[in-house]
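Enquirer: Could you look at this predicted model? Sequence included:
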Amino acid sequence: MRLLLTILTGVSTLLGGSFSHTLSMQGYTGIINTPNAQVMNEGDITFHFDNQFDNHLRGYNYDKKYSYQEDYIFGVGLLPYFEMQGRLSESPGYHRDLSANFKFQIPFQHEYLPTIALGYQDPGSAASFYENIYLVVDKEFWFVRASVGYGLSKSGSAKAERMDGIFGGVEVQTFDWLYLLGEYDTAETHAGFRLEMPRKWSSWFEVDALLTANLDDNFQESLAVNLTFPLYEDKTIPVRVEEKSKIESPASTSKRVEKTEKIVLTQPKSAALDSNIVLPSIMVDRTLSVEEIEKQLVEIGFENITIATDVKRLYISYENNIFLHNELDALGVVMGLAAQTSGSQVKFIIEPKKSKTVIASIRGDLNAARAYYKKRDAASQSDLSASLKNSAPFNIGNMDLKVDAVNDTIFKPRLEISPVVKSFVGTEVGVFDYILWLRGNLYFNLYKGIDFSIVADAEIAHSDDLNPNTGAFRYAYNDSHVESIMLHNSDNILGSINTLSVGSFKENYIGVMDQWIYTFENHTLKLKGGYFEEFKGGNAYYENWFGKDEDRKIYLAKYSYLIEDYDILAEIRGGRYWNQDQGFDLQLKRYFGDAAVMLFYQQSTGQSRFVSEQTDHYAGMGIEIPLTLKKTPSYQYGQVRGTNAFSYKIRTSILRDDGSNTIVVGGSDDPQMPFESENYFQNRNRMQIGYLKTHLSRLVNAYDEYALK
């Protein structure tokens with residue numbers, strides 16, 4: 001502490017820049033244990049670890065010498081002015097706990113007024129250890145940021161509570177990589193410092209560490225580490241380098257504008273985030289014949305290519321199996337080539353396909369596309385956006401067919417490899433229990449809309465609590481097995497896609513599943529129904545405890561709406577799930593480029609299990625990312641690829657009648673087909689016309705990066 005005092009005496013001569021902020025040891029953005037009025041940057045995710053023991057768990061009885069704790073925290077800036085975190089806390093002898101934090105910053109900002117935020121820590125049931133509601137304000141004065149707030153503690157400890165009344169703290173910025181910290185949380189006083197990796201070292205991630213001392217507990221030291229990554233997507237209009245300026249899209253809401261520009265201007269192409277690539281235009285004054293367009297599409301790797309023309313329209317359909325992160329990359333390349341065509345055509349019709357089935361029919365003004373790909377300005381972007389629409393499949397019967405189904409995919413095998421994880425987090429049994437499989441999905445196209453698939457799982461590892469003989473969660477164990485063998489038939493019916501799947505499923509069931517999905521503007525409706533019968537014995541231990549369903553009837557309806565300015569997909573789903581429980585669930589999914597973060601609530605009743613029947617409630621969060629190359633080669637005799645949508649979610653039971661957080665497994669299980677409509681046909685539910693219009697910059701970026709010169 002003498003070192004801190006020495007440094008404090010010279011603060012007037014120290015250099016600093018704009019204030020940064022990061023997660024505190026309680027999870028929310030703050031100082032040490034108390035919050036400030038800042039929130040995480042929109043689109044950031046942070047992984048946090050600390051070893052601070054929370055003395056409020058023992059009522060601030062410092063005579064109890066046993067004090068060990070580890071906290072694992074995941075945070076995300078989900079929306080502008082809003083952050084959320086999930087926390088796993090492990091303190092042997094006291095608790096093992098899953099909790100959440102939410103903080104909202106009042107959007108109004110003024111140079112002479114403080115910043116204000118409201119927060120809720122650890123909302124939950126009777127098993128809540130950190131519950132607190134607070135209001136906090138902060139203000140910067142040169143190199144000092146002071147915070148003061150008022151909290152209402154509701155965690156129920158017998159003695160004093162943290163943030164139960166007026167609390168406050170200060171952050172002193174010495175350099176842009178060193179902050180001195182001090183706070184009073186109504187029960188204890190802490191001091192310390194925060195070290196940050198200099199910002200000029202990397203634009204891709206940030207690392208900071210907190211070293212603190214508890215002044216009321218014999219200067220007990222604690223350490224915390226934060227690792228932060230940006231997931232945001234820059235929606236600025238790409239421009240040629242010589243223009244030296246960048247025009248903001250109205251949809252761009254990132255608080256990292258200055259930092260984003262640095263990424264764009266200084267990072268090499270090979271290192272830049274896909275969503276932030278702003279490259280010089282390679283659009284030149286040239287024209288391409290239909291034959292030249294066909295040649296380039298084939299060389300890039302597109303399949304099932306058809307091109308037709310008439311006096312006013314150019315038609316191109318193709319199947320994309322190479323740009324796996326986002327269908328917009330493929331569309332951008334094709335539209336860019338179409339914009340270079342010679343001839344009298346003034347309209348374009350571009351139809352991407354899957355399994356030779358049209359998944360969208362994008363129509364627009366060809367001259368507007370030519371102008372946007374060449375000029376890269378706001379006016380040409382607006383003109384192209386206004387001309388775009390998504391319609392039912394186009395009949396080319398009256399057009400002059402130039403190219404027909406070139407580079408056919410029939411009988412071409414594709415192997416998709418991905419991890420599958422089932423986990424139990426923060427239970428009475430263990431901190432993290434899991435079983436990991438490596439899944440292979442081998443499929444190939446037999447005819448237009450008809451595919452055959454085999455899905456098999458190979459067990460890689462499992463924790464001791466999933467031991468098939470003695471583990472507490474042995475009902476969840478499953479060794480290597482064939483998950484499904486199915487035949488699928490898909491058709492585009494007036495713009496909707498219907499997929500009928502027949503065969504074995506979930507290893508020991510046989511039956512049929514039908515999926516129907518329709519997208520209109522920013523609305524998506526999906527209906528799903530199936531019937532399966534057990535044809536061989538399943539997990540005997542599971543069936544003994546949770547009941548045996550010899551037949552399963554599934555019927556689910558889902559409605560989604562895209563809030564295009566923020567790339568938010570709001571979903572509601574309801575019906576009868578795989579384990580025969582009935583209910584509904586709500587999900588908010590925010591896309592940041594090709595990654596996504598989810599926040600969800602689920603409710604179901606009637607699952608067969610050994611516990612007494614009641615309505616089960618779940619809440620959780622998750623992340624979804626592609627685990628494959630952005631551009632994956634597809635060779636003549638087959639393709640090996642990763643998944644474009646690996647999803648990992650953590651949920652906990654809430655609002656139970658007995659006030660506990662007892663784990664209830666299996667509820668709200670929507671059985672996922674090898675060809676799930678949203679992922680396979682609908683670009684992870686991103687084929688809405690609104691999504692396309694707000695991401696036109698991605699089209700030209702993809703063209704610049706991947707189109708052949």
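Expert: Yes, it's here.

Enquirer: Can you tell me the closest non-neighbouring residue to residue 594?
Expert: In this structure, residue 594 finds its nearest non-sequential neighbour in residue 325, 4.4 Å apart by CB to CB, 6 or more residues apart in numbering. Just so you know, the C-beta spots here come from the backbone N, C-alpha and C atoms, and that holds for glycine as well.

Enquirer: residues touching residue 227, list them.
Expert: 46-48, 205-207 (CB atoms under 8 Å, 6 or more residues apart in numbering).

Enquirer: What's opposite it in the beta bridge?
Expert: residue 47, residue 207 (DSSP bridges).

Enquirer: Distance of it relative to residue 37?
Expert: To residue 37, residue 227 is 23 Å away according to CB to CB, to the nearest Å.

Enquirer: tell me the centre residue of the protein?
Expert: Nearest residue to the geometric centre of the chain (CA atoms, centre = their mean): residue 596, 1.6 Å.

Enquirer: shaky segments in this protein?
Expert: Low-confidence segments of the chain (pLDDT under 70): 1-17, 124-127, 155-160, 233-286, 540-541, 544-547, 607-613, 656-664, 708-709.

Enquirer: how about residue 383, what does it touch?
Expert: Residue 383 touches 365, 368, 371-372, counting by CB under 8 Å, 6+ apart.

Enquirer: Could you rerun that using 6 Å?
Expert: Residues near residue 383 by CB atoms under 6 Å, 6 or more residues apart in numbering: residue 368.

Enquirer: how would you label it: helix, strand or coil?
Expert: Going by DSSP: H, G, I helix; E, B strand; the rest coil, the secondary structure assigned to residue 383 is helix.

Enquirer: Then the one 3 residues further on?
Expert: Reduced to three states with three-state DSSP, the structure at residue 386 is helix.

Enquirer: Just give the nearest non-adjacent residue to it, would you?
Expert: Excluding the flanking residues, the one nearest residue 386 by CB to CB, 6+ apart is residue 368, at 7.9 Å.

Enquirer: Hmm, residue 388 and the one you found touching each other?
Expert: No: contact status for residue 368 versus residue 388: not in contact, 8.8 Å apart, counting by CB atoms under 6 Å.

Enquirer: neighbour-wise, which of the two wins?
Expert: residue 368 (22 against 17; other CB atoms under 10 Å).

Enquirer: Now that one: which helix or strand?
Expert: helix 366-375 (DSSP states H and E).

Enquirer: Which neighbouring elements make contact with that helix?
Expert: Contact analysis of helix 366-375 by 3 or more CB pairs under 6 Å, 6 or more residues apart in numbering; DSSP states H and E lists helix 378-387 as its packing neighbours.

Enquirer: so residue 679, which of the three states?
Expert: Residue 679 ends up helix, using three-state DSSP.

Enquirer: which ones are touching it?
Expert: residue 645.

Enquirer: go on, residue 132?
Expert: By CB under 6 Å, 6+ apart, the residues touching residue 132 are 121, 151, 153, 163.

Enquirer: Now neighbour count too, for the residues you listed, in TSV please.
Expert: Compiled in TSV, these are given as follows (neighbours: other CB atoms under 10 Å):
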residue	neighbour count
121	27
151	23
153	21
163	27
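
Enquirer: dump the residue contacts of residue 372.
Expert: For residue 372, the contact set (CB under 6 Å, 6+ apart) comprises 380-381, 384.

Enquirer: contacting residues around the helix or strand harbouring residue 314?
Expert: In this assignment (DSSP H and E), residue 314 forms part of strand 313-319. By CB under 6 Å, 6+ apart, the surrounding residues in contact with strand 313-319 are 302-308, 334, 338, 341, 345, 347-351, 353, 396, 399.

Enquirer: Could you check how far residue 556 is from residue 312?
Expert: From residue 556 to residue 312 the distance is 43 Å (CB to CB).

Enquirer: So those two - more neighbours on which side?
Expert: Neighbour totals were compared for residue 556 and residue 312, and residue 556 leads with 20 against 11 (other CB under 10 Å).

Enquirer: now, which of the contacts of strand 313-319 lie within strands?
Expert: 303-308, 347-351, 353 (DSSP state E).

Enquirer: so where does the residue nearest to residue 136 when sequence neighbours are not counted fall, helix or strand?
Expert: Once flanking residues are discounted, residue 136 sits nearest to residue 149: 3.2 Å by CB to CB, 6+ apart. Using DSSP H and E, residue 149 falls within strand 144-153.
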